[in-house]
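Colleague: My questions concern the predicted model and sequence given below.
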Amino acid sequence: MASADVRALQEWLSGQIIGQAHLVQRIVIALLADGHLLVEGAPGLAKTRAVRSLADGLEGDFQRIQFTPDLLPGDVTGTEIYRPQEGSFHFQRGPIFHNLVLADEINRAPAKVQSALLEAMAERQVSVGSETYNLPELFLVMATQNPIEQEGTYPLPEAQLDRFLLHVNVDYPDAEAEAAILRLTRAEASTPAADMPAPLPQASVFQARREALALHMSPAVEDYIVQLIIATRSPQPYSEELASWIEYGGSPRATIALDRCARAHAWLAGRDFVGPDDVQAVAADVLRHRLLLSFEAEAEGVSTDRVIRELLALVPVG
């Protein structure tokens, strides 16, 4: 069954990415919800290892792109190469034409490169001249950015951030997890891992997606999702303070993302229905990059996460 296969993959990933259970779950949710992931955290927190491990556990190919200020759009999407022997140009596919793509430190690349990547993410295709090339059916981009270093970086505009299904913040592991990481790295250095399961077939991923979309969602829960997003656009009925904090709310893309991620969360939990708890569990990662706060909120030191907590506390369920 697809459910057993996907849960086995999640369990194996949890053993590879110690102390980052939230990140592991969000990666699997992005896979089930057919969306892309933006991960923000300090260096050394297993962001790259996470997507590499997912690639090892999936039937598909993987490519890492290190974003730098001198990167060109063609370095991501590909470019036309002239072949003298044929007297014509031939399109050489770029690293974006893989099932899993790690866009490492995406905020280090200039706007043109970011746009080329995000257009491919949104349209699932690359256009070069008069030709259009489709990307693989199983296609997931995990982009990382470092919040510490800001010199020489190009922050993603809000309209481009909206293309990501989830924005996950990664923090340091606790002492117990840190010790487990030491033991794992020592074990890997001495004996190669032999307990890796067989790669999850792509057919199982597509079946799991269909099952998640087929979960029962009551009209009350569906209305709750809609009201949460509407509250980000018109928060005045709930709180004047909240209204002063939010400059722009979520688009219909946020509503769709909240629905899909709540379904994936419920499916991973083994339920055949979606409840309000599933919506609340994924709300922060779905909305974190989609809300634009006002100058007043920034001056008061109000974070987006605090605004989302207020929304969840004020918008009634049902």
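Modeller: Arrived safely, thanks for sending.

Colleague: And the helix or strand harbouring L31, what does it pack against?
Modeller: Following DSSP states H and E, the helix or strand that holds L31 is helix 21-33. Under the contact criterion of 3 or more C-beta pairs under 8 Å, 6 or more residues apart in numbering; DSSP states H and E, helix 21-33 touches helix 2-16, strand 37-40, helix 47-57, strand 140-145, strand 166-169, helix 202-213, helix 252-268. Quick note: C-beta positions are derived from backbone N, CA and C, even for glycine.

Colleague: List the buried residues of that helix.
Modeller: L23, V24, Q25, R26, I27, V28, I29, A30, L31, L32, A33 (16 or more other C-beta atoms under 10 Å).

Colleague: ok and it relative to helix 252-268, angle-wise?
Modeller: Put simply, helix 21-33 runs at 110 degrees to helix 252-268, going by axes from the mean of the first three to the mean of the last three C-alpha atoms, to 10 degrees.

Colleague: what residues does helix 21-33 touch?
Modeller: 6, 9-10, 13-14, 17, 36-37, 39, 46-47, 50-51, 54, 140, 142, 165-166, 168, 170, 205, 208-209, 212, 257, 260-261, 263-265, 267-268, 282, 285 (C-beta atoms under 8 Å, 6 or more residues apart in numbering).

Colleague: Buried members of these into PyMOL, please.
Modeller: Buried residues among the contacts of helix 21-33 (16+ other C-beta under 10 Å), as a PyMOL selection:
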select buried, resi 6+9+10+13+14+17+36+37+39+46+47+50+51+54+140+142+165+166+168+170+205+208+209+212+257+260+261+263+264+265+267+268+282+285
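
Colleague: show me where the stretch 201-318 of the chain has helices.
Modeller: Assigned by DSSP state H, counting those that start in this stretch, the stretch 201-318 of the chain shows helices spanning 202-213, 219-233, 240-245, 252-268, 276-287, 295-299, 304-314.

Colleague: and the third one, which residues are buried?
Modeller: So the one you mean is helix 240-245. L242, S244, W245.

Colleague: quick check, nearest of the residues you listed to K112?
Modeller: W245 (33.0 Å; C-beta to C-beta).

Colleague: pLDDT score for that closest one?
Modeller: W245 is assigned a predicted lDDT (pLDDT) of 94.

Colleague: Verify the stated contact: it with L292.
Modeller: No: the criterion here is C-beta atoms under 8 Å, and W245 misses it with L292 at 10.3 Å.

Colleague: which residues does C261 contact?
Modeller: With C-beta under 8 Å, 6+ apart, C261 has these contacts: I29, A33, G35, L165, L166, V282, D285, V286.

Colleague: got it, and L165?
Modeller: By C-beta under 8 Å, 6+ apart, L165 lies in contact with A30, A33, G35, H36, L37, A257, R260, C261, V286.

Colleague: okay, those in a markdown table with pLDDT and distance to E123 next?
Modeller: Formatted as a markdown table, the contacts of L165 follow (pLDDT from 0 to 100; distance: C-beta to C-beta, whole Å):
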| residue | pLDDT | distance to E123 |
| --- | --- | --- |
| A30 | 96 | 18 |
| A33 | 95 | 18 |
| G35 | 94 | 14 |
| H36 | 94 | 12 |
| L37 | 94 | 18 |
| A257 | 96 | 17 |
| R260 | 97 | 18 |
| C261 | 97 | 21 |
| V286 | 96 | 21 |
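
Colleague: In a markdown table: these, plus distance to P84.
Modeller: A markdown table is the format used below for those (distance: C-beta to C-beta, whole Å):
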| residue | distance to P84 |
| --- | --- |
| A30 | 43 |
| A33 | 46 |
| G35 | 43 |
| H36 | 39 |
| L37 | 42 |
| A257 | 48 |
| R260 | 48 |
| C261 | 50 |
| V286 | 51 |
